[in-house]
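**Student:** From the sequence below, what's the structure:
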Amino acid sequence: QLQLVESGGGSVQPGGSLRLSCAASGATLDGQAIGWFRQVPGNEREEVGCISPSDGHTYYKDFVKGRFNISRDNAKGAAYLEMNNLQPSDTAVYFCAAEPSVGGYVCIPGAFRFWGQGTQITVSS
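**Tutor:** A predicted model of the protein is given here:
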């Protein structure tokens with residue numbers, strides 16, 4: 001059973017940067033689409049972006065384009081979310097998720113079965 005653990009969360013001032021890691025155990029990330037999602041208490045979980053299993057194609061929500069970057073290292077069983085120019089509106093719990101993908105994937109929370117526990121990001125001055 002694939003298990004995911006996020007790390008790298010914390011507090012940062014507006015304009016700052018953080019890099020989240022998602023470490024996999026129990027199964028390989030090969031052939032899995034990886035998604036990053038976030039949730040604010042009282043709100044639904046929303047997608048930040050995703051990366052395809054094979055060719056590294058990425059998809060980002062408009063509100064993070066140009067600021068966030070998703071990457072993966074299958075050999076290390078890891079995925080990453082690099083976040084730059086963070087703003088208070090980015091404050092949330094961030095989750096990584098994985099889903100086996102053959103032909104394609106849909107970057108929405110309901111399309112992913114394997115989830116990490118989440119890590120808190122707080123952006124405040």
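**Student:** which element is the most centrally placed residue in the chain on?
**Tutor:** Nearest to the mean C-alpha position of the chain, by C-alpha atoms, centre = their mean, lies Trp36 at 2.2 Å. Taking DSSP states H and E as the definition, one finds Trp36 inside strand 32-39.
**Student:** How many residues are close by Ser124?
**Tutor:** Ser124 has 10 neighbouring residues, counting by other C-beta atoms under 10 Å. C-betas here are computed from N, CA, C, even on glycine.
**Student:** In contact with the nearest residue to it once chain neighbours are set aside, which residues?
**Tutor:** Nearest non-adjacent residue to Ser124, counting by C-beta to C-beta, 6 or more residues apart in numbering: Pro88, 6.2 Å away. Contact analysis of Pro88 by C-beta atoms under 8 Å, 6 or more residues apart in numbering lists 14, 123-124.
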